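Asks: Have a look; sequence and predicted model below, questions after that.
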Amino acid sequence: MKYTKEKRLSYTEKAQRIAEKMTLEEKVFLMSGSTSFGDTPSGEARVEAEAALPQGPDAMHYNFTPYPAGGNEKFDLPTMRFCDGPRGVVCGTGKSTCFPVSMLRGATFDTALEEEIGHAIGREVRGHGGNLFAGVCINLPYNPGWGRSQETYGEESFALGQFGSALVRGVQGENVMACVKHYAFNSMECSRFKCSVDCNRRTEREVFLPHFKDCVDVGAASIMSSYNLYKGINCGHSDYLLRKVLKEEWDFDGFVMSDFGWGIRATVEPANNGQDMEMCSTVFFGDKLVQAVRDGLVPEERINESAARIIRTILPFEDAYRAHKPIGKEAVGCKEHIELALKAAREGMTLLQNEDSVLPLSKKSVKKLAVFGKLADKGNIGDYGSSRVFPAYIVTPLQGIKKTSPGTEVVYYDGYDAETAKRIAREADAAVFVVGYDHNDEGEYISGEQLGSIDGSEGGDRKNSLGLHKEDIELIRAAGPENEQSAVVMIGGNTIMMTEWMDCVSSILMAYYPGQEGGTAIAEILFGDVNPGGKLPYVLPYRESDLPQVNWETTNQFYDYYHGYTKLEKEGVKPLLPYGFGLSYTTFKLKDAEFKAGNKTVSATCRVKNTGEVKGSEVVQLYIGFKNSKVNRPVKLLRGFKRVELKPGEKAEVTLTCPVEKLKWYNPETAAWELEHMEYEVYIGTSSDDGDLMMGEIEL
Ligand code: BGC
């Protein structure tokens with residue numbers, strides 16, 4: 001079905017009729033999960049699950065089967081069956097397709113591809129027996145050290161909204177409910193259960209919330225409230241966030257669920273303030289909620305509202321799904337989905353430096369290739385938190401290199417002895433360093449206790465700096481200069497600082513966490529079978545101090561209006577690499593820019609030509625500038641983008657359009673979005689750097 005809000009609303013009366021016939025207990029039952037936190041399947045489900053495990057019963061893990069909630073046989077109401085994401089479907093073992101993490105997907109600037117990924121994920125959710133995908137993570141990393149930034153699409157609210165909406169459309173296009181998380185301000189991991197975020201009204205409305213509204217506007221079925229507090233109130237209890245903003249102002253008609261385990265911490269407050277579902281087990285809702293209604297602490301209308309929201313959301317998805325041939329296990333990890341994961345990896349990797357066009361390496365003349373770094377030989381697809389996907393296989397960078405250039409002798413050194421590394425680099429025709437992070441360095445924080453062991457913890461926010469590990473820096477500084485054809489491949493979920501070592505190598509490729517076929521894509525790019533076309537979904541500064549600072553352990557954090565590229569631009573600080581930057585093996589020329597303002601939209605058009613020798617993709621970007629504003633506004637903001645692929649010599653005309661709505665600012669005094677009537681700068685080009693943009697002016 002083409003999922004629409006209208007479709008869901010057409011179920012309102014039916015849902016209300018069903019809810020009216022239900023007892024209080026039955027309605028409240030719909031409002032919480034039926035699992036114990038961390039449960040693995042039991043009984044028959046366990047026997048079946050274990051039999052399916054290629055690695056044996058030990059491979060059973062958190063999230064193995066979809067987490068159920070609600071349902072009622074008497075009224076033919078299906079359960080909600082929850083699956084995590086976003087890098088694929090976190091169910092089963094050795095089966096699901098592991099896509100690149102969202103940060104890489106954000107670097108593709110290709111929302112059509114994201115929608116396709118959404119379809120593939122939707123089919124895999126159904127293949128696993130689920131009906132809800134809670135992997136639309138669109139939190140904005142205020143500081144890139146946030147451990148879970150890999151799960152989101154970059155620093156830009158506009159881009160987050162575009163990508164989140166694309167994933168929602170794709171997933172829901174397969175009759176699977178999409179859940180958008182974590183609402184809101186969830187950009188710190190280590191202190192996520194205790195930290196209260198604060199910011200002013202404009203920051204809240206213009207920077208941290210618009211992307212959630214974008215997903216609501218495309219009909220997202222569900223929203224997950226976050227663990228953290230906002231202005232001292234748990235987000236899962238917040239009347240302001242849940243009722244006033246989400247349900248009243250944005251007219252959200254789906255249901256809200258809490259994050260798992262610690263997402264709500266009371267019965268009456270969250271129930272009264274708009275929380276519809278406690279996940280994943282019944283702790284504060286259930287009997288306690290029934291009692292609270294009987295005691296007059298929670299009006300029964302509130303329960304009716306939640307029940308009706310849940311019913312009218314689940315029913316249209318299930319009805320539409322039942323009208324088609326069911327999707328079976330064959331969809332999970334199928335060839336087409338793995339191809340799509342590879343396509344995304346190829347599109348998102350971002351070439352950041354390429355002195356003397358050292359990349360691509362020639363398969364013919366690079367007879368001997370030195371490969372350095374522990375991560376070269378590691379299947380490294382992201383953190384070990386709730387987004388961990390278990391694919392059938394992972395291609396490591398080393399395997400990818402060997403497969404892609406079988407005629408090249410590969411000398412692999414995973415040690416750190418400087419003299420040995422220097423010698424190996426000298427004796428080879430080219431040298432590649434695979435460095436960066438893994439699940440120990442960043443990701444969802446999983447304590448030793450949660451892992452069922454006592455040996456420490458994993459993930460969390462980046463501990464010391466945004467740079468590489470000391471031993472990697474020393475390795476690159478020692479061995480890089482020994483070979484004129486040297487490249488660094490960086491693995492990680494967000495910004496990695498480069499200033500300390502970038503002069504020691506010719507080329508740098510950002511590979512993020514590239515999914516199960518990542519090693520293939522890395523090698524294809526290194527050897528030129530694929531031309532990189534990804535663009536940085538964040539700014540790369542010279543100094544970490546150019547970015548907003550946070551205390552990862554704090555209980556109180558203020559988020560400023562400016563972060564990322566808007567902060568650097570406002571302060572006149574030049575970045576090392578601008579937002580939206582990425583190199584290619586070909587060249588593009590942009591010209592003939594034209595700018596137009598209509599009543600409802602602003603648009604910019606230009607001609608793009610591939611002026612080089614090979615096929616390649618360029619991401620054309622639209623920014624709006626606010627120089628004439630009477631209020632404090634960013635220098636400019638991204639307001640459109642389009643990825644175009646062109647053959648050598650081929651030309652295209654690209655038009656980017658932005659709704660005037662997206663030019664408004666939020667006036668806290670009138671509590672309204674206002675359009676300034678003034679001259680705006682409109683930019684079209686290939687990164688946020690002025691040198692890469694053509695500028696015009698329009699009057700509104
Ligand atoms: C995470 C959510 C996730 C949930 C269920 C929580 O700890 O914050 O992102 O969806 O667990 O696994």
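Replies: Noted; the coordinates are in hand. Since the model is a prediction, treat every value here as computed from it, not as a measurement.
Asks: For this protein, what lies in contact range of the ligand?
Replies: 63, 84, 134, 181, 259-260, 386 (Cβ under 6 Å from any ligand atom). Backbone N, C-alpha and C define where each C-beta goes, glycine included.
Asks: Just to be sure, which of those are found in helices?
Replies: Applying DSSP state H to the residues of the chain next to the ligand, no entry is found in helices.
Asks: would TSV of those with neighbour count and pLDDT be doable?
Replies: As requested, these are exported to TSV (neighbours: other Cβ atoms under 10 Å; pLDDT from 0 to 100):
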residue	neighbour count	pLDDT
63	23	85
84	27	97
134	29	98
181	26	98
259	24	97
260	22	95
386	20	94
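Asks: Which residue, other than its chain neighbours, is closest to the residue in the stretch 151-300 of the chain that the ligand sits nearest to?
Replies: In the stretch 151-300 of the chain, the residue that lies nearest the ligand is residue 260 (4.0 Å; Cβ to the nearest ligand atom). Distance criterion Cβ to Cβ, 6 or more residues apart in numbering; nearest residue to residue 260, sequence neighbours excluded, is residue 280 at 4.8 Å.
Asks: The one you found touches residue 66, doesn't it?
Replies: No: in this structure, residue 280 is not within contact of residue 66 by Cβ atoms under 8 Å, at 10.4 Å.
Asks: Common neighbours of the two, please.
Replies: Contact with both residue 280 and residue 66 is made by residues residue 82, according to Cβ atoms under 8 Å, 6 or more residues apart in numbering.
Asks: So residue 206 sits against residue 666, correct?
Replies: Yes: when contacts are counted by Cβ under 8 Å, residue 206 is listed as touching residue 666 (5.4 Å).
Asks: Can you list which of the residues of the chain next to the ligand are found in strands?
Replies: Under the assignment DSSP state E, these contribute 84, 134, 181 to strands.
Asks: quick one: contacts for the nearest residue to residue 232 once chain neighbours are set aside?
Replies: What sits nearest to residue 232 in space, not counting adjacent residues and going by Cβ to Cβ, 6+ apart, is residue 196, at 5.2 Å. By Cβ under 8 Å, 6+ apart, the contact list for residue 196 reads 228-232, 555-557.
Asks: sorry, back to before: contacting residues around the residue nearest to residue 260?
Replies: 33, 35, 37, 67, 69, 82, 260-261.
Asks: Quickly note the distance from it to residue 231.
Replies: From residue 280 across to residue 231, the span is 27 Å (Cβ to Cβ, to the nearest Å).
Asks: again, but for residue 277
Replies: Separation of residue 277 from residue 231 (Cβ to Cβ): 23 Å.
Asks: what's the closest non-adjacent residue to residue 142?
Replies: residue 187 (4.8 Å).
Asks: My read is that the one you found contacts residue 146, right?
Replies: Yes: the pair residue 187 and residue 146 passes the contact test of Cβ under 8 Å, sitting 4.9 Å apart.
Asks: list the residues that contact both of these two?
Replies: Residues touching both residue 187 and residue 146 (Cβ under 8 Å, 6+ apart) are residue 139.
Asks: neighbour count winner among residue 277 and residue 231?
Replies: Neighbours were counted for residue 277 and for residue 231 using other Cβ atoms under 10 Å; residue 277 has more, 26 against 13.
Asks: What count of nearby residues applies to the closest residue to residue 564 other than its chain neighbours?
Replies: Excluding its sequence neighbours, the residue lying closest to residue 564 (Cβ to Cβ, 6+ apart) is residue 155, at 3.8 Å. When neighbours are defined as other Cβ under 10 Å, residue 155 has 28 of them.
Asks: need the contact list for residue 155.
Replies: By Cβ under 8 Å, 6+ apart, the residues touching residue 155 are 140-141, 144, 537-539, 563-565, 579.
Asks: Show me the residues you listed that map onto helices.
Replies: If you go by DSSP H, the contacts of residue 155 have 564-565 in helices.
Asks: From the contacts of residue 196, list just the buried residues.
Replies: 228-230, 557 (16 or more other Cβ atoms under 10 Å).
Asks: Hmm, residue 496 is touching residue 472, no?
Replies: No: between residue 496 and residue 472 there is no contact under Cβ under 8 Å: 10.0 Å.
Asks: so what sits against both of the two?
Replies: Here residue 496 and residue 472 share the contacting residues residue 436, scored by Cβ under 8 Å, 6+ apart.
Asks: quick one: low-confidence ranges for the stretch 351-500 of the chain?
Replies: 447-457 (pLDDT under 70).
Asks: cutoff 90 now
Replies: Confidence mapping of the stretch 351-500 of the chain against pLDDT under 90 gives the ranges 445-458, 463-464.
Asks: Mind telling me which residue of the chain is nearest the ligand?
Replies: Of all residues in the chain, residue 386 sits closest to the ligand, at 3.4 Å by Cβ to the nearest ligand atom.
Asks: Check whether that residue really touches residue 87, as I assumed.
Replies: No: the criterion here is Cβ under 8 Å, and residue 386 misses it with residue 87 at 10.9 Å.
Asks: Which helix or which strand is home to residue 592?
Replies: Using DSSP states H and E, residue 592 maps to strand 588-597.
Asks: who does the helix or strand just after that strand pair up with?
Replies: Next along the chain after strand 588-597, taking DSSP H and E as the criterion, comes strand 601-610. When pairing is defined by DSSP bridges, strand 601-610 lines up against strand 588-597 (antiparallel), strand 651-659 (antiparallel).
Asks: would you turn these into a markdown table with mean pLDDT, distance to residue 269 and mean neighbour count?
Replies: Formatted as a markdown table, the strands paired with strand 601-610 follow (pLDDT from 0 to 100; distance: least, Cβ to Cβ, whole Å; neighbours: other Cβ atoms under 10 Å):
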| stretch | mean pLDDT | distance to residue 269 | mean neighbour count |
| --- | --- | --- | --- |
| strand 588-597 | 98 | 47 | 15 |
| strand 651-659 | 98 | 37 | 16 |
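Asks: Give me the pLDDT value at the residue nearest to residue 564.
Replies: We have a pLDDT of 98 for residue 155.
Asks: Please identify which helix or strand holds it.
Replies: Using DSSP H and E, residue 155 is not contained in any helix or strand.
Asks: can you check residue 26 too?
Replies: Taking DSSP H and E as the definition, one finds residue 26 inside helix 24-30.
Asks: Not counting residues beside it along the chain, what's closest to the residue of the chain closest to the ligand?
Replies: residue 84 is the one closest to residue 386 (Cβ to Cβ, 6+ apart), at 4.8 Å.
Asks: just for the chain, where's the confidence low?
Replies: 1-9, 35-64, 92-94, 445-458, 463-464.
Asks: middle-most residue in it, spatially?
Replies: The structure's the chain has its C-alpha centroid closest to residue 152; by Cα atoms, centre = their mean the separation is 2.2 Å.
Asks: That residue: what's it in contact with?
Replies: 102-103, 106, 137-141, 160.
Asks: What of residue 156?
Replies: Taking Cβ under 8 Å, 6+ apart as the test, what residue 156 contacts is 537-538, 564-565, 579, 638.
Asks: so which two of the residues you listed are the farthest from each other?
Replies: The most widely separated members of the contacts of residue 156 are 538 and 638, with 11.6 Å between them, by Cβ to Cβ.
Asks: which neighbours do those two share?
Replies: Common contacts of residue 538 and residue 638 (Cβ under 8 Å, 6+ apart): 156, 579.
Asks: which outside residues touch the helix holding residue 26?
Replies: With Cβ under 8 Å, 6+ apart, helix 24-30 has contacts from 19, 69-72, 74-75, 77, 277, 285-286, 289-290, 293-294, 300, 303-304, 306-307, 310-311.
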